[in-house]
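Chemist: Provided below are the primary sequence and the corresponding predicted coordinates.
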Amino acid sequence: MSLSIMDRLRAGTVLGAEGYVFELERRGYIKAGPFVPEVVLDFPDAVRELHREFLRAGADVMVALTYYAHREKLRDVGREDDLEAMNRQAVRIAREVAREGDALVAGNVCNTWAYDPDDPATKQTVRDMYAEQLGWAAEEGIDFVISETNDYLGEALIALEVIRELGLPAMVTLAPTQPDQTRDGYRYAEACQILAAEGAQVVGLNCDRGPQTMLPLITDIREAVDCAVAVQPVPYRTDAAAPTMETLRSPDGERAFPIALDPFGCTRFEMAHFAQQARELGADYVGICCGAGPHHVRAMAEALGREVPASKYSPSMDLHPMFRTDVAAKDAAFLPSWSA
Ligand SMILES: [Zn+2]
């Protein structure tokens, strides 16, 4: 039998892989703007393939693509009637691919854009949205739930309550879009402490920040909680001047988020370095978010000391005609122009 998420976290680092929406948008299956995962119903093979690529790259968890598959978002694109089918199918696809390896299946909910801390009525709206999504996911069969990119601790706590009512382990990660606190005014470490006290098995941060600006916040969280800590940055080079991907600007001052971020992308080597740093800081669930490609995930897996199915095709630059130690005379003629 496959080990549970808690067993795996006790045994070592769990490797996560997300960023399905960005990657499927790049491949032409999701519309940037609304970012609703209509692909789950319209092109299920595309979703299946990306899960499989992440699985081969070493991901321990297949995250069902139900990000933004909630009532509020589906209404925006006129597909509210497809809500249940989309959520159920996403879990089925994730399960199907997880069984091809030894991965777990995570149900997924996210920020709703319906939550308003100053309007108590919105709490019930959000609760209903999470309850229907996760109710369907639980019926289809998931091992745990990832509630992610929550801007408000209040909204994350609603998700946690729903997950706990279903009797499932909960990983709750906040979106660190602000300098040091949630939009309802809790320092990230404090918010994680509250989530842990309320029963989340894994807490931490995901999305918005690249490795360089996310890791310092993870150090604070690690010190604040005893439970498992998750860190899933975006593979973009955020820094002190632009700490989030939303604040990155091109040289001519244009906002790069969300579809012109390519020049800021981290290499596989940078993400491999991040995975090692995260583990050294004591993170238990180390992953990657929007912008991820399977090459990042494989490099992270290998940096954590694993050999994964896709390692069969990991780079062998010693076999490259120009980078091998004994460059053949006929190939050496190319070197001057490669060095110019
Ligand atoms: Zn993300």
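Modeler: Received it, and whenever you're ready, just let me know what you need.
Chemist: which parts of the stretch 201-340 of the chain sit against the ion?
Modeler: Contacts of the stretch 201-340 of the chain with the ion, taken as C-beta under 5 Å from the ion, map to 207, 289, 290. Placement of C-beta: from N, CA and C, glycine included.
Chemist: so the second one sits against residue 233, correct?
Modeler: In this case it means residue 289. Yes - here residue 289 reaches residue 233: they are 6.4 Å apart, a contact under C-beta atoms under 8 Å.
Chemist: overlap in contacts, the two.
Modeler: Residues touching both residue 289 and residue 233 (C-beta atoms under 8 Å, 6 or more residues apart in numbering) are 206, 207.
Chemist: what about residue 226, distance to the ion?
Modeler: Using C-beta to the ion, to the nearest Å, we find residue 226 at a distance of 26 Å from the ion.
Chemist: how many neighbours does that residue have?
Modeler: 8 (other C-beta atoms under 10 Å).
Chemist: which residue is the nearest non-sequential neighbour of residue 223?
Modeler: residue 189 (7.2 Å; C-beta to C-beta, 6 or more residues apart in numbering).
Chemist: can you tell me how far the one you found is from residue 225?
Modeler: 8 Å (C-beta to C-beta, to the nearest Å).
Chemist: how about residue 213?
Modeler: Separation of residue 213 from residue 225 (C-beta to C-beta): 20 Å.
Chemist: for residue 144, same thing?
Modeler: For residue 144, the distance to residue 225 - C-beta to C-beta - is 17 Å.
Chemist: try residue 240
Modeler: In this view, residue 240 and residue 225 are 26 Å apart by C-beta to C-beta.
Chemist: name the element residue 226 belongs to?
Modeler: For residue 226, there is no host helix or strand (DSSP states H and E).
Chemist: so what's it up against?
Modeler: Residue 226 neighbours (C-beta under 8 Å, 6+ apart): residue 196.
Chemist: quick check: the gap between it and residue 153.
Modeler: 19 Å.
Chemist: kindly report the same for residue 108.
Modeler: Where residue 153 is concerned, residue 108 sits at a distance of 19 Å (C-beta to C-beta).
Chemist: when the two are compared, which one has more neighbours?
Modeler: residue 108 (28 against 23).
Chemist: check which helix or strand covers the more buried one.
Modeler: In the assignment (DSSP H and E), residue 108 maps to strand 104-110.
Chemist: that strand and the ion in contact?
Modeler: No - using C-beta under 5 Å from the ion, strand 104-110 never reaches the ion; the gap is at least 9.0 Å.
Chemist: please name every helix or strand in contact with that strand.
Modeler: When contacts are defined as 3 or more C-beta pairs under 8 Å, 6 or more residues apart in numbering; DSSP states H and E, strand 104-110 packs onto strand 61-63, helix 83-98, helix 121-140, strand 144-150.
Chemist: show me how far it is from its chain's centre.
Modeler: On the basis of C-alpha atoms, centre = their mean, to the nearest Å, strand 104-110 sits 10 Å off its chain's mean C-alpha point.
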